[in-house]
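In: Structure for this input, please:
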Amino acid sequence: MYLRPYKESDAKTIISWCRDEKTFRLWTSDRYDHFPITEDDMNYKYFDCNGDCAEEDNFYPMTACDDDGIAGHFILRYTNGDVHTLRIGFVIVDDKKRGCGVGKQMINLALRYAFTVAGAEKVTIGVFETNTSAYYCYKSSGFREAEVQDPEIYDLFGEKIRIIELAADKDSYGG
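Out: Sure thing, here's the model as predicted:
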């Protein structure tokens, strides 16, 4: 598996993995106001809206590829102007490859990139408390739960779901 910058043509494949709104919301939370989205919607948010990031040059969408083509996707962004902390978001894996280690491999590549190429000291990620497969994937990649004063709560389909914040530090990264 390898990482490369996201291309506009990736949108078609990535949004095809969201076969229902629940999967879509686990991927995007409330970042889109409708479902389903189109390729143009995704590319508009990424390229014309800088991924909704206020800071310039702060949104880095990545695509993970394997021998079969596109296998996963995520974004990196610096948080609150802190060039030492990167946040991973919009994590999704080809629905036909879930449960096969592709997510862990992709997250490990993301961490390696963040620490060795981008020079981050810390990487953070949030996961819905109900998304246990993603939670255990991140934990097995070296993330640990981070203390948060006021955890984010999202209303998904009438259910209040807490975001679990996770962090990985360069000093403890083993990759």
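In: Dihedrals phi and psi, the closest residue to Ile37 other than its chain neighbours?
Out: Excluding the flanking residues, the one nearest Ile37 by Cβ to Cβ, 6 or more residues apart in numbering is Ile15, at 5.9 Å. Every C-beta, even on glycine, is put in place using the N, C-alpha and C of the backbone. For Ile15, the backbone dihedrals (degrees, to the nearest 10) come out as phi -70, psi -20.
In: List the residues that contact Ile15.
Out: Pro36, Ile37, Thr38, Glu39, Met42 (Cβ atoms under 8 Å, 6 or more residues apart in numbering).
In: Select only the buried ones of those in PyMOL?
Out: PyMOL command restricting the contacts of Ile15 to the buried ones, with burial defined by 16 or more other Cβ atoms under 10 Å:
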select buried, resi 37+39+42
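In: Could you list every helix and strand in contact with the longest helix belonging to the chain?
Out: The residue-count maximum for a helix in the chain (DSSP state H) belongs to helix 102-112. When contacts are defined as 3 or more Cβ pairs under 8 Å, 6 or more residues apart in numbering; DSSP states H and E, helix 102-112 packs onto strand 2-5, strand 60-66, strand 69-79, strand 82-93, helix 132-140.
In: so how far is Leu76 from the residue of the chain most remote from its centre?
Out: Going by Cα atoms, centre = their mean, the residue of the chain most distant from its centre is Gly158, 23.5 Å out. Distance of Gly158 to Leu76, computed by Cβ to Cβ, to the nearest Å: 32 Å.
In: ok, now Ser29?
Out: 17 Å.
In: These two: which is more packed in?
Out: Legend: neighbour count by other Cβ atoms under 10 Å for Ser29 and Leu76, higher for Leu76 (21 against 17).
In: what's the burial count for the closest residue to that one other than its chain neighbours?
Out: Of all residues not flanking Leu76 in the chain, Tyr60 sits nearest, at 4.4 Å (Cβ to Cβ, 6+ apart). When neighbours are counted by other Cβ under 10 Å, Tyr60 registers 19.
In: in stretch 164-175, what's buried?
Out: Result for stretch 164-175 [16+ other Cβ under 10 Å]: buried residues Ile164, Glu165, Leu166, Ala167, Ala168, Tyr173.
In: Return the subset of those lying in strands.
Out: Ile164, Glu165, Leu166, Ala167, Ala168 (DSSP state E).
In: Would you agree Thr130 is in contact with Ile161?
Out: Yes - Thr130 is within contact range of Ile161, at 5.5 Å (criterion: Cβ atoms under 8 Å).
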